[in-house]
Structure formats: C-alpha cells, structure tokens
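# next comes the sequence, and after it the predicted model I'd like to discuss.
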Amino acid sequence: MQKMDFLEIPEDIPKANEYNKLSMSEKGFLIENIIYKIFTLNKDKVEGITIKNLQENLSFSKNAILRVLSKLLASRDIYCIDGRPKRYFKNGRISHHFLNSSIILENKIFDFKLFANYFGSIQIFIQEKSRDLFTTENYDGGIILDADSFDDFVEALLDKNDIIKKEIIKFKNELKRMID
C-alpha cells in the first residue's frame, strides 16, 4: 500500500485510461469500493478522514466522493462528526478518543478521555482504577459527561475537594486547548 498525505491508499486504483473505458455503473462501483477500502485501511486514524483528504489523494470529482460518502453513511459503514471540516470514520469502533490523560490520587488512578461517539457528540469519560498488591489494575467505576457540561462538573469538584484542584485545573486547560 502506498501512503499519501498520511492516508493509506489502495494500490489497485486503475489508471485514467483504464478508468475511462468503464461504464458509468462500473465507475460508480469502483469509486465506492476504493473509498470503502480507504476507510478500512485507515480505520484507526484518530482524526478521521475529510473530503479534502479524499480529493487530494483521488482523481474523482467532489460530487462523486460526496455521493459515495452519503451511501456509506446511509448504510452505516461510516459515520461523520460535524465540524469544520467534517470528519468521517469507519464504523466498528464505539468511539474515537482524542485525549488520554491520567491523574493519580493516593492509591487511585483516574483516566480522562475526550471522545466522539458515532452520533457525533463529544463526551468525556473518566475511568477510576486502582492497583492491587500485585500491581494489577482494577476498574472500579467510571462516568461519562457531555463535553458541554464538563465545566459545571469541574466547578462542583473544585468546590468539594481542594486536594484535586490543581490537577483538575490543569486538565481543564488541556481539554479546552484540545477542543479549541
């Protein structure tokens, strides 16, 4: 597989002279298969795939790419997170996380992950873990918050517990930097 602009692209893309010999239905089928293969090859790409990524790496028209993306969205083979630009992901992962930060408080570990689910909403997952005598990590609990309500949650924590104030403020600033 060749890599172009950080996207893995299938090697079996036909040359222009071969493509032009195909019927309209064969061209449509070919474009759909190539774009689907690109999503499969890049399924772990955390930042997703944009229309611009596809246009830069393929010689197909924007309308042809949009048609295929619409069909793949309708069949739930991919999903989209709205924004500028829209980002498309291969379905199959429950979420795509963008931040992985941890704090340790006494014998507890709290992992923070900012993620976007396949509905396109941005959420924060806080996973509580502990270590036993053999240093095995045990999952003790977790919460999921909408990113929009995270500031209110952080303020409530700051009011309740001075011990974590410094770490929460640091995480809050890191989170805002990631969202902006």
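Structure's in. What do you need?

# and the closest residue to Leu72 other than its chain neighbours, how many neighbours?
Of all residues not flanking Leu72 in the chain, Ile78 sits nearest, at 4.5 Å (CB to CB, 6 or more residues apart in numbering). Just so you know, the C-beta spots here come from the backbone N, C-alpha and C atoms, and that holds for glycine as well. For Ile78, the count of nearby residues is 23 (other CB atoms under 10 Å).

# same check, this time on Cys80
There are 17 residues near Cys80, going by other CB under 10 Å.

# what of Ile124?
Around Ile124 there are 21 residues (other CB under 10 Å).

# may I have the beta-bridge partners of it?
Leu114, Leu145 (DSSP bridges).

# that one contacts Gly142, correct?
No: counting by CB atoms under 8 Å, no contact exists between Ile124 and Gly142, whose distance comes to 10.6 Å.

# show residues contacting the longest helix anywhere in the chain.
Under DSSP state H, the helix in the chain containing the largest number of residues is helix 24-41. With CB atoms under 8 Å, 6 or more residues apart in numbering as the test, helix 24-41 has contacts from 1, 7-10, 13-14, 19, 22, 49, 54, 57-58, 60, 64-65, 67-69, 71-72, 77-78, 88-90.

# list the buried residues for it?
For helix 24-41, burial by neighbour count (16 or more other CB atoms under 10 Å) applies to Lys27, Leu30, Ile31, Glu32, Ile34, Ile35, Tyr36, Lys37, Ile38, Phe39, Leu41.
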